[in-house]
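Enquirer: give me coordinates for this.
(one chain, ligands or ions: 2)
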Amino acid sequence: MTFHILISDPLSEDGIYPLRQANGVNIVMETNLTPEQLADRIDGFDALIVRSQTQVTRELIEKASNLKIIGRAGVGVDNIDLEAATEYGIIVVNAPDGNTNSAAEHTMAMIMSMARKIPQAFHALRNQQWDRKSFVGVELKNKTLGVVGFGRIGQEVAARAKGQRMNVIAYDPFLTAERAEKLGVDFGSVEDVLKVADFVTVHTPLLKETKHLINKQAFEIMKDGVQIVNCARGGIIDENALYDAVKSGKVAGAALDVFEQEPMVDFRLLDLPEVIATPHLGASTFEAQESVAVDVSMDVVSYFTTGTVRNSVNLPSVPKEIMKKIEPYFDLSERLGTFLTDLIDATAEEVTVRYAGELANMDVRPLTRNMLKGMLKRHLGKQVNNVNALYLANQKGIVVTEQKTTESKGFTNLITVEIKTAEGIRKAAGTLLNGQGARIVKVDDYLVDVVPEGHLLYVRHNDRPGVIGRVGTLLGQENVNIATMQVGRSIVGGDAIMMLSIDKPAETSSLEQLGNLEEIQGVTPINL
Ligand SMILES: NC(=O)c1ccc[n+]([C@@H]2O[C@H](COP(=O)([O-])OP(=O)(O)OC[C@H]3O[C@@H](n4cnc5c(N)ncnc54)[C@H](O)[C@@H]3O)[C@@H](O)[C@H]2O)c1
Ligand SMILES: O=C(O)[C@H](O)COP(=O)(O)O
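Expert: Ligands and ions are numbered 1, 2, ... in the order given. Just a heads-up that it's a prediction; the model follows:
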């Protein structure tokens, strides 16, 4: 049987030698196809290998009736419709480590070029102007670099910036004080970073949460004369807001490798002399291209020879027999992870998952991974799945422990998730009720009975007469319909909680008003 592979973006020829050496493969390289031509060509291929340029849309996937694996020779998978790929049973693999170094080096090259106005000076010289006055730069030494997104590339950039004698302050939802100390950087909230940085560089994926993370308000809190870099993804910085901030003089320099639309169509930013740019070249080195092509080719070969892959972005690796028994708990596990993450406003350091009842006699590792997926997806987005969740948690320094006991306190099975942060331990327990689906039955030490889906509000309050009524009245006035309400308390007149299920997410202003009500200690929205 022949395995047909289409490579639709330029890949290093040296890097695809694992494909060339494999038996039974037919490799087609067509790197100039329009989306329409690609859609016409895709049927009949077993594998598609891309970089960031090919848009692997749902429409394309629906036309690809033989497609089994998509290889992304690079990190970002935002050009691939992962939901559609998963839905159609197509494995997506990427090459997460292969271009880290090149992207970090490019970021430093951009920072230094921007600080010393090298592209502008070169441009003038090319035009035969010997101008030494217009291009006075600033030193990096003793300046503060703010790194937003402290993953593989963010950390490599920080290490290089320290080599330039810069101070580094970073923000990442997974960065703890201990880890920051170990890596020799300061850390704080995203606002802390933006307020003190002389240079800001972003290294997050493009997610719903990071879209326009650097916007008008973010620019307002930055130092006057700040310089800003985006070598991660177009869209993390709001380009209109950046244009205004540069025009007003607030931002003294911007270095961009990536854009909201690629290939670029709106060149307005480049009219500004303070802006320098490259056309998405962060990973464009011989070394990185060879490395990502080798990684992704090896995974494609491994897939069609053994059925296994190393860097899956969407493949649940669960043995069939185990899957059948524990499958009903997959969704509950994931929701418990997301529920607790929404509840906690601090970085997870340790996670313990306790399985009680019949589950204690089974291999529940896939459930733990699913819970971690629920926990991590808020910040890592689509790249986290059942296969890579534990790896990613460990990479973030989170210690994960499973515990089992056959005693389940009245439930056939009970899954309790406990998350330890610098602020203490929070926990939630859930079960499947016979015929009635999933329930969260305990939050911290409060007994509840909550269906873990939709929009929830977790309200901490003092157990006093009239509080529940006031909450109901206010939400009514705000046109928020309460579907269900659960109340739990420690002792009469002591601390208590309300878990409300509401029909639509509450506006920030409604949450603020709720939080200001008498006897209310705090309100946390949870979206499952
Ligand atoms: N310009 C290029 O050619 C090029 C090359 C390689 C990678 N990239 C892009 O760089 C980005 C980072 O790549 P990586 O390999 O370091 O990924 P990574 O997954 O190792 O790191 C991303 C980090 O962002 C953090 N994060 C998520 N949401 C956040 C938020 N709201 N605020 C702050 N941090 C947040 C995550 O916790 C994670 O630690 C990706 O978007 C990738 O596609 C661009
Ligand atoms: O996410 C990535 O790996 C980079 O953006 C590189 O993209 P490229 O493969 O198109 O150079």
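
Enquirer: quick one, domains of this protein?
Expert: 3-97+287-306, 99-277, 317-453, 455-527 (the TED database).

Enquirer: next, format these as a markdown table and append distance to ligand 1.
Expert: The way it works is simple: take the backbone N, C-alpha and C, and place the C-beta from them, glycine included. Shown next, in a markdown table, are the domains of the chain (distance: least, Cβ to the nearest ligand atom, whole Å):
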| stretch | distance to ligand 1 |
| --- | --- |
| domain 3-97+287-306 | 3 |
| domain 99-277 | 2 |
| domain 317-453 | 4 |
| domain 455-527 | 16 |
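
Enquirer: I'd like the ones you listed laid out as CSV, including mean neighbour count and mean pLDDT.
Expert: Putting the domains of the chain into CSV (neighbours: other Cβ atoms under 10 Å; pLDDT from 0 to 100) gives the following:
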stretch, mean neighbour count, mean pLDDT
domain 3-97+287-306, 19, 95
domain 99-277, 18, 97
domain 317-453, 18, 88
domain 455-527, 16, 91
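
Enquirer: near ligand 2 at all, stretch 267-286?
Expert: Yes: using Cβ under 6 Å from any ligand atom, stretch 267-286 reaches ligand 2 at 280, 282, 283, 284.

Enquirer: from these, which single one is nearest residue 358?
Expert: residue 283 (48.1 Å; Cβ to Cβ).

Enquirer: now that closest one: phi and psi?
Expert: Here is the backbone geometry of residue 283 (degrees, to the nearest 10): phi -100, psi 10.

Enquirer: residue 345 versus that one, what's the distance?
Expert: 34 Å (Cβ to Cβ, to the nearest Å).

Enquirer: cool, residue 330 as well?
Expert: Residue 330 is 27 Å from residue 345, by Cβ to Cβ.

Enquirer: likewise for residue 264?
Expert: In terms of Cβ to Cβ, residue 264 sits 38 Å off from residue 345.

Enquirer: quickly check: stretch 210-224 near ligand 2 or not.
Expert: No: if you take Cβ under 6 Å from any ligand atom as the test, stretch 210-224 misses ligand 2, and the best it gets is 13.8 Å.

Enquirer: what's in contact with that stretch?
Expert: 148-149, 190-191, 194-198, 200, 202, 204, 226, 228, 230, 233, 235-238, 241-242, 244-245, 249-251 (Cβ atoms under 8 Å, 6 or more residues apart in numbering).

Enquirer: quick one: end-to-end distance for stretch 131-147.
Expert: With Cα to Cα, to the nearest Å as the measure, stretch 131-147 spans 33 Å from end to end.

Enquirer: tell me where the stretch 51-200 of the chain has helices.
Expert: 58-63, 82-87, 100-115, 118-126, 152-163, 177-183, 190-196 (DSSP state H, counting those that start in this stretch).

Enquirer: other SSEs contacting the last one?
Expert: In other words, helix 190-196. In terms of contacts (3 or more Cβ pairs under 8 Å, 6 or more residues apart in numbering; DSSP states H and E), helix 190-196 is packed against strand 144-148, strand 167-171, helix 216-221.

Enquirer: kindly recompute the last result at 10 Å.
Expert: strand 144-148, strand 167-171, strand 186-187, helix 216-221, strand 226-230 (3 or more Cβ pairs under 10 Å, 6 or more residues apart in numbering; DSSP states H and E).

Enquirer: present the ones you listed as CSV; the columns should include distance to residue 513.
Expert: Shown next, in CSV, are the helices and strands packed on helix 190-196 (distance: least, Cβ to Cβ, whole Å):
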stretch, distance to residue 513
strand 144-148, 31
strand 167-171, 29
strand 186-187, 33
helix 216-221, 22
strand 226-230, 35
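
Enquirer: what's the closest of these to residue 31?
Expert: That would be strand 226-230 among the helices and strands packed on helix 190-196, by Cβ to Cβ, at 25.7 Å.

Enquirer: need the CA coordinates for the helix or strand that that closest one is followed by. CSV is fine.
Expert: Note on strand 226-230: by DSSP states H and E, the next helix or strand toward the C-terminus is helix 239-247. Extracted in CSV, the C-alpha atoms of helix 239-247 (Å, rounded to 0.1, in the frame of the first residue of the first chain):
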residue,chain,number,x,y,z
GLU,A,239,-2.2,46.9,15.3
ASN,A,240,-4.5,50.0,15.3
ALA,A,241,-3.7,50.7,18.9
LEU,A,242,0.0,50.3,18.1
TYR,A,243,-0.2,52.7,15.2
ASP,A,244,-1.8,55.3,17.5
ALA,A,245,0.7,54.7,20.3
VAL,A,246,3.6,55.1,17.9
LYS,A,247,2.1,58.2,16.3
